[in-house]
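Asker: Structural data only, the sequence is not supplied:
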């Protein structure tokens, strides 16, 4: 059927396999002005790259909060298999009710707004010594999403300057930077970057 066409990437295959609430949610989030503004409108929708980066952030958020569970009720353990994590995340989103999905969408948008207003439109770009502007980093996106979600959910009145300082310190941490850029889906690197974030 697809002879002569372009092979589907993993996210496009996931989109076909897990049709339902998960795909609708990812479509909505990728179109939200909050997401576009926080990423400088620079994540292309070609091959669903925008949906991929959002799904990774949600998947690791659920996993880190120990809220990612299989249909059987068993907690998902991350073993360097990003495809399994993302598939389980899509399945879980499909099982969630509309009010829970609405809460997740609201959290996502508040995190995007908070990140943009505190850190600017380059928040998800790894800084360079040369000042050259790098593309948005998916690993920094998912790390900062979790970090900012903790403050957004807590509504603890943390001074934005403290958040800005904490993020600046993270970006000077060599362990964190290595975890953002090398062998990024290995369990060791994932644990490294989320350990620094928390």
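Answerer: Received it, and whenever you're ready, just let me know what you need. For clarity, every value in this text was computed on a predicted model and none was experimentally measured. Residues are numbered from 1 along each chain as shown.

Asker: C-alpha only now, for contacts and for neighbours.
Answerer: OK.

Asker: Can you list the buried residues in the lengthiest helix in the chain?
Answerer: If each helix of the chain is counted by residues according to DSSP state H, the longest one is helix 98-119. Using 16 or more other C-alpha atoms under 10 Å as the test for burial, helix 98-119 gives 101, 105, 108-116, 119.

Asker: now stretch 122-138
Answerer: By neighbour count, with 16+ other C-alpha under 10 Å as the criterion, the buried positions of stretch 122-138 are 122-127, 136-138.

Asker: Output the contacting helices and strands for the very next helix or strand once past the longest helix of the chain.
Answerer: Following helix 98-119 in sequence order, the next helix or strand is helix 138-154 (DSSP states H and E). Packed against helix 138-154 by the contact rule (3 or more C-alpha pairs under 8 Å, 6 or more residues apart in numbering; DSSP states H and E) you find helix 49-64, helix 98-119, helix 174-181, helix 187-197.

Asker: now this structure, which segments are flagged as low pLDDT?
Answerer: Residues of the chain that meet the criterion pLDDT under 70 lie in 1-6, 155-157.

Asker: Tell me who's in contact with residue 179.
Answerer: With contact taken as C-alpha atoms under 8 Å, 6 or more residues apart in numbering, residue 179 is in contact with 189-190, 192-193.

Asker: Columns distance to residue 73 on top of those residues, output as TSV?
Answerer: Converted to TSV, the contacts of residue 179 look like this (distance: C-alpha to C-alpha, whole Å):
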residue	distance to residue 73
189	26
190	23
192	27
193	27
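
Asker: Now restrict the residues you listed to buried residues only.
Answerer: Using 16+ other C-alpha under 10 Å, the buried members of the contacts of residue 179 are 189-190, 192-193.

Asker: export the helices and strands packed on helix 138-154 to TSV and tack on distance to residue 164?
Answerer: As requested, the helices and strands packed on helix 138-154 are arranged in TSV below (distance: least, C-alpha to C-alpha, whole Å):
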stretch	distance to residue 164
helix 49-64	20
helix 98-119	6
helix 174-181	16
helix 187-197	13
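
Asker: Much appreciated, bye for now.
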